[in-house]
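*Asks:* this one's sequence-less:
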């Protein structure tokens, strides 16, 4: 139990599908993040939410749409993805002065 | 341009010996550094950190050394155990709090500890 829970753990979707990744943190943190890990690349920060407001968007394509309805939940809505978007998507959370805790990730395959 | 570099994709050591994992960074604004450990099919877990005001931080078998002038840090694991076999990520942050607390990661080094 990591305190940060992601669902689903695995997802296969077609390029025309719409799906959503869900993340929930039970740590009382005030910041949540989406990271992407592709093969042979560093872990990349996609989005940062602090106090439920998006404060960072690292030039992520609009086919990825985040949503943070409250401080405990974070979604990543996906539509018209490309095969190169296949990757491990990690959710994370942190408190103002503390380490970042990660979920177990969603392994996404776009076919 | 990669701001955090782990130039060794893999490292293999014998159980009981020392493992040394290296990390270099280029951004002078980084002032807080972390090591994360990742097992297959799991998210990274925090291992140890160091602030730029220190040059060494020790926690049990794990010690992180920071050389600011060289923009280099290393993680020492001694003695190494088979359960330490994992991918180790170096990460750096410009510090601050809240939304400023964001991490830049290296590509990771796969450590294999042989019994």
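*Replies:* Arrived safely, thanks for sending. All values reported here derive from a predicted model rather than from experimental measurement.
*Asks:* Quickly list what the residue nearest the centre of chain A is bridged to.
*Replies:* Centroid check for chain A by Cα atoms, centre = their mean gives residue A:34 as the closest residue, at 3.3 Å. Here residue A:34 sits in beta bridges with residue A:47, residue A:91, as judged by DSSP bridges.
*Asks:* And for residue B:59?
*Replies:* Using DSSP bridges, the beta-bridge partners of residue B:59 come out as residue B:62.
*Asks:* That one touches residue B:50, doesn't it?
*Replies:* No. The pair residue B:59 / residue B:50 is not scored as a contact, 10.3 Å apart, by Cβ atoms under 8 Å. From N, CA and C alone the C-beta is placed, and that goes for glycine too.
*Asks:* Pull up the residues of chain A that are close to chain B.
*Replies:* A:2, A:4, A:6, A:30-31, A:33, A:40-45, A:48-51, A:55-56, A:90, A:92, A:94, A:96-97, A:99-105 (Cβ under 8 Å from any Cβ of the partner chain).
*Asks:* Buried members of these into ChimeraX, please.
*Replies:* The ChimeraX selection below is limited to those of the residues of chain A next to chain B classed as buried (16 or more other Cβ atoms under 10 Å in any protein chain shown):
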select /A:2,4,6,30,31,33,42,43,44,45,48,49,50,56,90,92,94,99,100,101,102,103,104,105
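*Asks:* low pLDDT regions in the chain?
*Replies:* Looking at chain A here, since you left the chain open. A:1-2, A:96-98 (pLDDT under 70).
*Asks:* think we crossed wires, I meant chain B
*Replies:* For chain B, applying pLDDT under 70 flags the ranges B:95-101.
*Asks:* One more pass at 80, please.
*Replies:* Residue ranges of chain B with pLDDT under 80: B:1, B:41, B:95-102.
*Asks:* Would you mind listing what in it touches chain A?
*Replies:* Counting by Cβ under 8 Å from any Cβ, the residues of chain B close to chain A are B:2, B:4, B:34, B:36, B:41-46, B:49, B:89, B:91, B:97-99, B:101-108.
*Asks:* and the residues you listed, which are buried?
*Replies:* Judged by 16+ other Cβ under 10 Å, buried ones among the residues of chain B next to chain A: B:4, B:34, B:36, B:43-44, B:49, B:89, B:91, B:98-99, B:101-108.
*Asks:* quick one, phi/psi of the nearest residue to residue A:25 once chain neighbours are set aside?
*Replies:* Counting by Cβ to Cβ, 6 or more residues apart in numbering or on different chains, the nearest residue to residue A:25 once its immediate chain neighbours are dropped is residue A:93, at 4.1 Å. Dihedral angles of residue A:93 (phi, psi; degrees, to the nearest 10) stand at phi -140, psi 160.
*Asks:* quick one: contacts for residue A:93?
*Replies:* Residues in contact with residue A:93 (Cβ atoms under 8 Å, 6 or more residues apart in numbering or on different chains) are A:3-4, A:25, A:27, A:29, A:31-33, A:100-101.
*Asks:* re the thing from before, enumerate every residue touching the residue nearest to the centre of chain A.
*Replies:* Residue A:34 neighbours (Cβ under 8 Å, 6+ apart): A:23, A:45-47, A:64, A:66, A:74, A:76, A:89-92.
*Asks:* what's around residue B:77, how many residues?
*Replies:* By other Cβ atoms under 10 Å in any protein chain shown, the residues close to residue B:77 number 24.
*Asks:* is it true that it touches residue B:84?
*Replies:* Yes. Between residue B:77 and residue B:84 there is a contact at 5.7 Å, judged by Cβ under 8 Å.
*Asks:* Please enumerate the shared neighbours of these two.
*Replies:* Common neighbours of residue B:77 and residue B:84, using Cβ under 8 Å, 6+ apart, are B:19, B:111.
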